[in-house]
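A.B. asks: sequence-free structure coming up:
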Ligand code: SAH
């Protein structure tokens, strides 16, 4: 028999609870009578004593239990972990066999692959793990061993960001788990564009793979006029546009000097001389551009995550509104706006509502011509709406 402690759902919250959502918040649970250790396996029970699922307890996190197993007969053991990894990798293999091989691919996408808190990106011969939940820590060695055996990468690197570490009660980490680190920057090709970045000092896992297909699609909408790429990081949208869409000039803006330095290297690698780089805060800088009377044929907005909790939704929407208002004011008539949100709390309908408000304010019609999400290697868990974090809307602005 299973001796894992049981934790009970609060009867007042039971009505709104989707038992298949991998996150169970602190306020939805009855405090356990005896303390439960961080990282311990628990059984989640309904107020009436029915078994809901099996997960991992974390008293330091607002996500008190992360659920991983809804089949009572199966344990959270090494076989379970390996089976989840195999399923995740198989999905990418199947897609790539049928469509196109990518040297850079997300192999595990957290909730979308039933492994809440684990991201694994492959960049050629290297793997980067990003851990966003303490619950994953006990599995790290199993995960590293499995990938080492199956894929024989040259190196496996793990990253835990400071903010996430704090929220989850774990230590921030940048550590080599297996093999060696590359001696220089990683180079990859995406949509025919060459890109370099540093595995260790880059943002998140180093490069944003979720926008791969959207960069290509956005590029196909860019015509000959000037383009503005806001929050450009390594220049992904700008480079794809220069390769596939031929904008006359591109102005790329980011607040990170380090990212811009690498973006300039990437432009040179591809012999693109039409891109100008500006280090600035996008909110203020776009308002300055509006005041100066500059106009663009295409504007890409790809800001960082603005809402990490439900309480931040209002302020996030105000920030998106401010940025999109400036972008619309910078667009020539019938210009293209590519506007993105990577906040899991902001739903697609919220983005549409925000754009409707910008449309009224500017008295310009906005048509969404493509409503895009993250690429194939970022599956969404239908029971976890937050896992549809990336929204990318291509709009024609009258
Ligand atoms: N468009 C990029 C990814 C953008 S990620 C791509 O295609 O890969 C978000 C970027 O926004 C990061 O590079 C970050 O440095 C930048 N950023 C964060 N806050 C910002 C701000 N206030 N103003 C300008 N850039 C900002």
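C.D. replies: Perfect, thanks for sending it. Predicted, not measured: the structure shown is a model, and the values here were computed from it.
A.B. asks: so for stretch 107-124, what gets flagged as buried?
C.D. replies: 107-123 (16 or more other C-beta atoms under 10 Å). All C-beta atoms are positioned from the backbone trio N, CA, C, and that covers glycine.
A.B. asks: okay, and which of those map to helices?
C.D. replies: Assigned to helices by DSSP state H, none of the buried residues of stretch 107-124 qualify.
A.B. asks: so which residues on the chain come close to the ligand?
C.D. replies: The chain has residues 203, 208, 211, 231-234, 236-237, 253-256, 259, 281-282, 302-304 near the ligand, with proximity defined as C-beta under 6 Å from any ligand atom.
A.B. asks: now, the buried residues of stretch 107-124 that are in strands?
C.D. replies: Members of the buried residues of stretch 107-124 lying in strands (criterion: DSSP state E): 107, 108, 109, 118, 119, 120, 121, 122, 123.
A.B. asks: and these as a markdown table, adding pLDDT?
C.D. replies: Putting those into a markdown table (pLDDT from 0 to 100) gives the following:
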| residue | pLDDT |
| --- | --- |
| 107 | 98 |
| 108 | 98 |
| 109 | 98 |
| 118 | 98 |
| 119 | 98 |
| 120 | 98 |
| 121 | 98 |
| 122 | 98 |
| 123 | 97 |
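A.B. asks: show me the two of those that sit farthest apart.
C.D. replies: 118 and 123 (16.7 Å; C-beta to C-beta).
A.B. asks: PyMOL command for the buried members of the residues of the chain next to the ligand?
C.D. replies: In PyMOL, this line selects whichever of these come out buried by 16+ other C-beta under 10 Å:
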select buried, resi 208+211+231+232+233+234+236+237+253+254+259+282+302+303
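A.B. asks: just the residues of the chain next to the ligand: which are in strands?
C.D. replies: Going by DSSP E, the strands hold 253, 254 from the residues of the chain next to the ligand.
A.B. asks: residue 266: neighbour count?
C.D. replies: 23 (other C-beta atoms under 10 Å).
A.B. asks: the helices in the stretch 251-398 of the chain, which residues?
C.D. replies: 257-269, 282-292, 313-330, 348-362 (DSSP state H, counting those that start in this stretch).
A.B. asks: give me whichever of those is most buried.
C.D. replies: helix 313-330 (a mean of 20; mean count of other C-beta atoms under 10 Å).
A.B. asks: helices or strands next to that one in the packing?
C.D. replies: The contact analysis (3 or more C-beta pairs under 8 Å, 6 or more residues apart in numbering; DSSP states H and E) places helix 313-330 against strand 227-230, helix 282-292, strand 296-301, strand 331-341, helix 348-362.
A.B. asks: will you turn these into JSON lines that also has mean pLDDT?
C.D. replies: Output for the helices and strands packed on helix 313-330, formatted as JSON lines (pLDDT from 0 to 100):
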{"stretch": "strand 227-230", "mean pLDDT": "98"}
{"stretch": "helix 282-292", "mean pLDDT": "98"}
{"stretch": "strand 296-301", "mean pLDDT": "98"}
{"stretch": "strand 331-341", "mean pLDDT": "98"}
{"stretch": "helix 348-362", "mean pLDDT": "98"}
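A.B. asks: was I right about residue 287 contacting residue 326?
C.D. replies: Yes - using C-beta atoms under 8 Å, residue 287 makes contact with residue 326 at a distance of 5.6 Å.
A.B. asks: how about the residue in the chain that the ligand sits nearest to, what does it touch?
C.D. replies: With C-beta to the nearest ligand atom as the measure, residue 236 is the residue of the chain nearest to the ligand, at 2.9 Å. With contact taken as C-beta atoms under 8 Å, 6 or more residues apart in numbering, residue 236 is in contact with 190, 195, 207, 208, 211, 215.
A.B. asks: also residue 160?
C.D. replies: Residue 160 neighbours (C-beta under 8 Å, 6+ apart): 130, 131, 132, 170, 171, 172, 173, 174.
A.B. asks: closest one to residue 70 out of the residues you listed, please.
C.D. replies: The closest of those, once distances to residue 70 are taken by C-beta to C-beta, is residue 132, at 21.2 Å.
A.B. asks: the closest one reaches residue 163, doesn't it?
C.D. replies: No - counting by C-beta under 8 Å, residue 132 stays clear of residue 163, with 9.9 Å between them.
A.B. asks: of those two, which one has the most company?
C.D. replies: Taking neighbours as other C-beta under 10 Å, residue 132 and residue 163 compare with residue 132 leading, 20 against 11.
A.B. asks: gap between that one and residue 203?
C.D. replies: Per C-beta to C-beta, to the nearest Å, residue 132 is found 14 Å from residue 203.
A.B. asks: number of residues surrounding the residue lying closest to residue 209 once chain neighbours are set aside?
C.D. replies: Nearest residue to residue 209 in three dimensions, chain neighbours excluded: residue 106, at 5.2 Å (C-beta to C-beta, 6 or more residues apart in numbering). A count of nearby residues for residue 106, using other C-beta under 10 Å, gives 25.
A.B. asks: my guess is residue 106 meets residue 378, correct?
C.D. replies: Yes - applying C-beta under 8 Å, one finds residue 106 in contact with residue 378, separated by 5.8 Å.
A.B. asks: which neighbours do those two share?
C.D. replies: With C-beta under 8 Å, 6+ apart as the test, residue 106 and residue 378 both reach 209, 210.
A.B. asks: that older thread, of the helices and strands packed on helix 313-330, which is nearest residue 25?
C.D. replies: Using C-beta to C-beta, the helices and strands packed on helix 313-330 put helix 348-362 closest to residue 25, at 20.7 Å.
A.B. asks: since that was my last question, I'll sign off now.
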